[in-house]
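> can you look at this prediction? I've put the sequence above it.
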Amino acid sequence: MGKNKLTSNLFRVLGVVLVAGSLASCMKTGANNQNNTNVSFVTLMHMAPFAPSAEVYFNNSKSTSAIAAGTFSTTYGRITPGSYKVTFMTAGSTTDTLSKILSDSYDSLRFYTLVLFNRADSSLGSMKINDDFSSLSLSSANYRFFNFCPDAPAVDLVLNTTVVQASRHTVDNEYGGYYNTFSTLTPGGYSVTVKKAGTDSVIASVSSVNLQAGAAYTIFLSGKKNSPANPISVNVLQAAY
């Protein structure tokens, strides 16, 4: 599992409250005990290992403290639905812009992931992912895979001994919405291994993870070579809010 997780004052300026809980259990019951009828759900990932720590602005309001490269939020935060421009700034600076996500709508009861990333050539970019949980299987485990490692330009995702996604390129989901959708597999325990595409050369692995029926998981490769603070690793993140 990833060791760098964003847990402190996420969206502090926007006054968002983080509520722990399983997205899958909410879907199974078909109801939510929280008053979520007029909020959008947003989560953040700083997946740019060649970038400095960042602060995130929604429109002109600073909405996070400094977020180090390799850090990601483990639950969705809540924001008021509306139109927002999202800007990733170098932490401590009001002028050094790392990347921007152009003004776009954040709708009520929708889920979004905002990512700062490096491409394979180390150039910076950012994206807004629409996290569509409406068609998740309740009888299967649901997963998707992202390659956020610029030092691993083409990889295979292997669950136990089966290649389930082949030749996935660094941030190939930047323009391909297909890669942001969820696939299904039989619930149970799995080893998760990322290998250099077409080979048995292991880049990173997790020896055992339990993928539950009805739950949604984002598996992602992140980090960079020779970095003690942000080494290459594979992470399995269950959707929760």
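That came through fine.
> got any ranges where the chain has weak pLDDT?
1-37 (pLDDT under 70).
> can you do 90?
Judged by pLDDT under 90, the chain has its weakly predicted residues at 1-38, 60, 175-177, 241.
> for the chain, what spans make up the helices?
23-29 (DSSP state H).
> what residue is smack in the middle of it?
residue 45 (5.3 Å; Cα atoms, centre = their mean).
> hey, what's that residue bridged with?
On the basis of DSSP bridges, residue 45 is bridged to residue 72, residue 115.
> I'd say it and residue 113 touch.
Yes. Using Cβ atoms under 8 Å, residue 45 is in contact with residue 113, at 6.4 Å. (C-beta placed from N, C-alpha, C; glycine too.)
> return the residues in contact with residue 153.
By Cβ atoms under 8 Å, 6 or more residues apart in numbering, residue 153 lies in contact with 120, 169, 170.
> check contacts around the closest residue to it other than its chain neighbours.
Nearest non-adjacent residue to residue 153, counting by Cβ to Cβ, 6 or more residues apart in numbering: residue 120, 4.4 Å away. The neighbourhood of residue 120, defined by Cβ under 8 Å, 6+ apart, consists of 150, 153, 169, 170, 171.
> 7 Å instead?
If a contact means Cβ atoms under 7 Å, 6 or more residues apart in numbering, then residue 120 has 150, 153, 170 as its contacts.
> ok, it to residue 215 distance?
31 Å (Cβ to Cβ, to the nearest Å).
> in TSV: the contacts of residue 120, plus distance to residue 87.
As requested, these are exported to TSV (distance: Cβ to Cβ, whole Å):
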residue	distance to residue 87
150	22
153	28
170	23
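> my guess is residue 155 contacts residue 194, does it?
Yes. Under the criterion of Cβ atoms under 7 Å, residue 155 makes contact with residue 194 at 5.0 Å.
> between those two, which contacts overlap?
Counting by Cβ under 7 Å, 6+ apart, the common neighbours of residue 155 and residue 194 are 203, 221.
> what sits closest to residue 217 if chain neighbours are left out?
Closest to residue 217 by Cβ to Cβ, 6+ apart is residue 143, at 4.5 Å.
> ugh, wrong one, I meant residue 40
Using Cβ to Cβ, 6+ apart and skipping the chain neighbours, the partner closest in space to residue 40 is residue 106 (4.1 Å).
> and for the one you found, the neighbour number?
21 (other Cβ atoms under 10 Å).
> do residue 179 as well
So residue 179, with other Cβ under 10 Å, has 18 neighbours.
> where's it relative to residue 133, distance?
Relative to residue 133, and taking Cβ to Cβ, residue 179 is found at 16 Å.
> for residue 178, same thing?
Using Cβ to Cβ, we find residue 178 at a distance of 16 Å from residue 133.
> higher neighbour count, the two?
residue 133 (16 against 8).
> correct me, but that one touches residue 111?
Yes. With contact defined as Cβ under 7 Å, residue 133 counts as touching residue 111 (6.4 Å).
> circling back to that earlier point, quick one: the residue nearest to the centre of the chain and residue 74 touch, right?
No. Using Cβ under 7 Å as the test, residue 45 is too far from residue 74 to be in contact (10.6 Å).
> quick one on the thing from earlier: which of the contacts of residue 120 sits closest to residue 236?
Closest to residue 236 out of those is residue 170 (19.0 Å), distances taken as Cβ to Cβ.
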